[in-house]
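# From the sequence below, what's the structure:
(one chain, ligands or ions: 1)
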Amino acid sequence: MERTKFLLDETEMPKVWYNIQADLGQPLPPVIHPVTGKPVGPQDLAVLFPMELIKQEVTQERYVEIPEPVLDVYKLYRPSPLIRARRLEKMLDTPAQIYFKYEGVSPVGSHKLNTAIAQVYFNKLEGTRRITTETGAGQWGTALSFACNLFGIECKVYMVKISYEQKPYRRILMETYGARVVPSPSPDTQTGAATLAADPNCTGSLGLAISEAVEDAATHQPYTKYSLGSVLNHVLMHQTIIGLEAQKQFEKAGVEPDILIGCVGGGSNFGGFVLPFVRDKIVQKKNTRIIAVEPTAAPSMTRGAYAFDYGDTAKLAPIVKMYTLGATFIPPSIHAGGLRYHGMAPIISLLYNQGLIEAVAVPQNAIFEAGVQFARAEGIVPAPESAHAVRVAIDEALRCKERGEKRVIAFNLSGHGHFDLGGYDAYLQGKLADYEYPQEAIAQAMAQLPRVEL
Ligand SMILES: *Cc1c(COP(=O)(O)O)cnc(C)c1O
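Residues are numbered from 1 along each chain as shown. The predicted structure follows:
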């Protein structure tokens, strides 16, 4: 019998996260304080994060143990399945094998819960009573709301105003889990109030919402902390449970992937899926192709600069070295809200700079075309973010067909698109815009990159 699903038993779930810092062969560039311009120390970050997460941010240990209470919550939905997309293979008439790791099985519908649970748990241990965050499309806010609720912590979410207005169901879901959600810009912070005073109709951006959440935490000490759903080293590390599970599943399937693909916003689902395989490239000199897929509307790796830049719009967050389009750049409002970030995780940026991974940018209509094709073959409607990975997986499978190559292609399906049907509707009705490369706005934002002298 031909197998379709490759499943792990709960007892086979990885008990550690993988930290690629141990295998990079060089330290990551320093993180810079936005005001002093000097490298930050643990004490600078202690306002925003619990000490355990600050330690995880810089640890050089190769593996970090997953605490029992975190594993316990993971068991609600992990291990997640690795599925062979046989019907998609047939539809494309390709000699390639296509696999996908499905993170949409989590109760909140995406991979984001993998780090939300861990972050809230470590906050709880250190006495945090309230956590602030930002959310774009609502995926991260939803995950953090549920995790906070499980551990009895108050949650305040600054939701980018355009999404707050256009995606009421995500807000309702967060409120169902017990969070307080406000549209950003909000009058609750100085940054928000100043923005509203200058432009009452401002629809917000992820960078601005981060500024508000950071300011809220910094001004409500000592029991309030801030939580970020992507970009940071510890977030990517928590997500490596995806790739560590996948490695065991490929072993069961008796195949090794030739091409790994994931979409990138801040880089966490991609990093979580591929980092254990990047280790094999570094240590065992394997030549797996690893491809990050970004939207043409926010092409930080394919069109940005590798430079020190602020993590947020108001320049309150630390400065890190990353591929960036400039912190003041506000990407066009594509439906893949989770990919509308001006920068990229420092770890992913370094790997790209070293040539260990590749990057491609794809436009909006092409990703919905792939999402619809995937839904019709496999039944799952991908989140618009995840559909970026589907697009490139299909393109690679078609290339295999042209060349008669039997490659093994695998991608991470980071979430389902049940709350994004508005985007599918617009696509199906032929009303979806493709954005030109926003050259001028990016040039303006890039001119404002901070000068960092080390
Ligand atoms: C948030 C999100 C992303 C983008 O964030 P990364 O940190 O790059 O993973 C991708 N897919 C889904 C489903 C998301 O919710």
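
# doesn't E245 fall inside a strand?
No - looking at E245 with DSSP: H, G, I helix; E, B strand; the rest coil, it is helix, so not inside a strand.

# How much space separates it from G138?
26 Å (Cβ to Cβ, to the nearest Å). (C-beta placed from N, C-alpha, C; glycine too.)

# Please say which of the two ends up with more neighbours.
G138 (30 against 25; other Cβ atoms under 10 Å).

# what are the phi and psi angles of the more buried one?
Here is the backbone geometry of G138 (degrees, to the nearest 10): phi 110, psi -10.

# for stretch 192-212, how far is the first residue from the last?
6 Å (Cα to Cα, to the nearest Å).

# tell me which residues of it are tucked away?
Neighbour counts using 16 or more other Cβ atoms under 10 Å place 192, 195-196, 202-212 of stretch 192-212 among the buried residues.

# Export those residues as CSV, with columns for secondary structure and pLDDT.
Formatted as CSV, the buried residues of stretch 192-212 follow (DSSP: H, G, I helix; E, B strand; the rest coil; pLDDT from 0 to 100):
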residue, secondary structure, pLDDT
G192, helix, 97
T195, helix, 95
L196, helix, 97
C202, coil, 93
T203, coil, 88
G204, coil, 88
S205, coil, 83
L206, helix, 84
G207, helix, 82
L208, helix, 89
A209, helix, 94
I210, helix, 92
S211, helix, 92
E212, helix, 96
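
# Nearest to the ligand among the residues you listed?
L206 (10.1 Å; Cβ to the nearest ligand atom).

# Any residues of the protein in contact with the ligand? List them.
Neighbours of the ligand within the chain, by Cβ under 6 Å from any ligand atom: 110, 112, 139-140, 230, 263-270, 338-339, 383, 385-386, 414-415.

# Just those residues: which are in strands?
Within the residues of the chain next to the ligand, residues falling in strands by DSSP state E are C263.

# contacting residues around F151?
For F151, the contact set (Cβ atoms under 8 Å, 6 or more residues apart in numbering) comprises V120, Y121, N123, K124.

# got a winner among the residues you listed for most neighbours?
Most surrounded of the contacts of F151: other Cβ under 10 Å gives V120, at 28 neighbours.

# State the phi and psi torsions of that residue.
According to degrees, to the nearest 10, V120 has phi -70, psi -40.

# In this structure it contacts N149, no?
No - using Cβ atoms under 8 Å, V120 is not in contact with N149; the gap is 9.1 Å.

# can you tell me which residues contact the residue in the stretch 51-200 of the chain that the ligand sits nearest to?
Proximity of the stretch 51-200 of the chain to the ligand (Cβ to the nearest ligand atom) peaks at Q139, 3.1 Å away. Each residue near Q139 by Cβ under 8 Å, 6+ apart is listed here: V108, G109, S110, K112, R170, G229, G338, A383, E385, G415.

# can you put the residues you listed in TSV and add neighbour count and pLDDT?
Shown next, in TSV, are the contacts of Q139 (neighbours: other Cβ atoms under 10 Å; pLDDT from 0 to 100):
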residue	neighbour count	pLDDT
V108	25	97
G109	24	98
S110	28	98
K112	29	98
R170	27	95
G229	25	96
G338	31	90
A383	31	98
E385	31	97
G415	29	98
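
# Relative to T176, which of the buried residues of stretch 192-212 is nearest.
A209 (20.7 Å; Cβ to Cβ).

# Name all residues that make contact with that closest one.
Contacts were defined as Cβ under 8 Å, 6+ apart; by that measure A209 touches E134, T135, G136, Y158, M159, V160, S184.

# In CSV: the residues you listed, plus pLDDT, secondary structure and neighbour count.
CSV is the format used below for these (pLDDT from 0 to 100; DSSP: H, G, I helix; E, B strand; the rest coil; neighbours: other Cβ atoms under 10 Å):
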residue, pLDDT, secondary structure, neighbour count
E134, 96, strand, 29
T135, 95, strand, 32
G136, 88, coil, 28
Y158, 98, strand, 32
M159, 97, strand, 28
V160, 93, strand, 28
S184, 97, strand, 33
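
# secondary structure class for the closest residue to N287 other than its chain neighbours?
The shortest distance from N287 to any non-neighbouring residue, by Cβ to Cβ, 6 or more residues apart in numbering, is to K281 (7.3 Å). Here K281 is helix, with the state taken from three-state DSSP.

# Look up how far G415 lies from K281.
Counting by Cβ to Cβ, the gap from K281 to G415 is 26 Å.

# Quick check: nearest residue in space to V255, chain neighbours excluded?
Going by Cβ to Cβ, 6+ apart, V255 has V408 as its nearest residue, at 5.1 Å.

# check contacts around the one you found.
The contact partners of V408, by Cβ under 8 Å, 6+ apart, come to A96, Q97, Y99, V255, E256, P257, D258, I259.

# So it versus S145, what's the distance?
Distance from V408 to S145, by Cβ to Cβ: 37 Å.

# Assign the closest residue to Q21 other than its chain neighbours to helix, strand or coil.
The shortest distance from Q21 to any non-neighbouring residue, by Cβ to Cβ, 6+ apart, is to Q60 (5.5 Å). Recorded secondary structure, Q60: coil (three-state DSSP).

# neighbours of Q60, just the number please.
10.

# Check G141 too.
G141 has 32 nearby residues by other Cβ under 10 Å.

# now P222
For P222, the count of nearby residues is 10 (other Cβ under 10 Å).

# and it, what element?
Using DSSP states H and E, P222 sits in no helix or strand.

# Could you check how far it is from L45?
From P222 across to L45, the span is 14 Å (Cβ to Cβ).

# for D425, same thing?
D425 is 42 Å from L45, by Cβ to Cβ.

# the more surrounded of these two?
Using other Cβ under 10 Å as the criterion, D425 and L45 rank with L45 on top: 19 against 11.

# Just the pLDDT for the nearest residue to the more buried one once chain neighbours are set aside.
In space, L45 comes closest to I54 once its chain neighbours are excluded; the distance is 5.0 Å by Cβ to Cβ, 6+ apart. At I54, the predicted lDDT confidence score is 97.

# Name whatever forms a beta bridge with the residue of the stretch 351-454 of the chain found nearest the ligand.
Per Cβ to the nearest ligand atom, the residue of the stretch 351-454 of the chain with the smallest distance to the ligand is G415, at 2.8 Å. Listed by DSSP bridges, the beta-bridge partners for G415 are S110.

# pretty sure it contacts L113?
No - contact criterion Cβ under 8 Å: G415 and L113 do not qualify, at 10.1 Å.

# For the two, list the residues in contact with both.
By Cβ under 8 Å, 6+ apart, no residue touches both G415 and L113.

# Against which helices or strands is the host helix or strand of K401 packed?
According to DSSP H and E, K401 maps onto helix 384-403. Other helices and strands packing on helix 384-403, by 3 or more Cβ pairs under 8 Å, 6 or more residues apart in numbering; DSSP states H and E, are helix 86-92, strand 97-102, strand 259-263, strand 289-295, strand 358-362, helix 364-378, strand 408-413.
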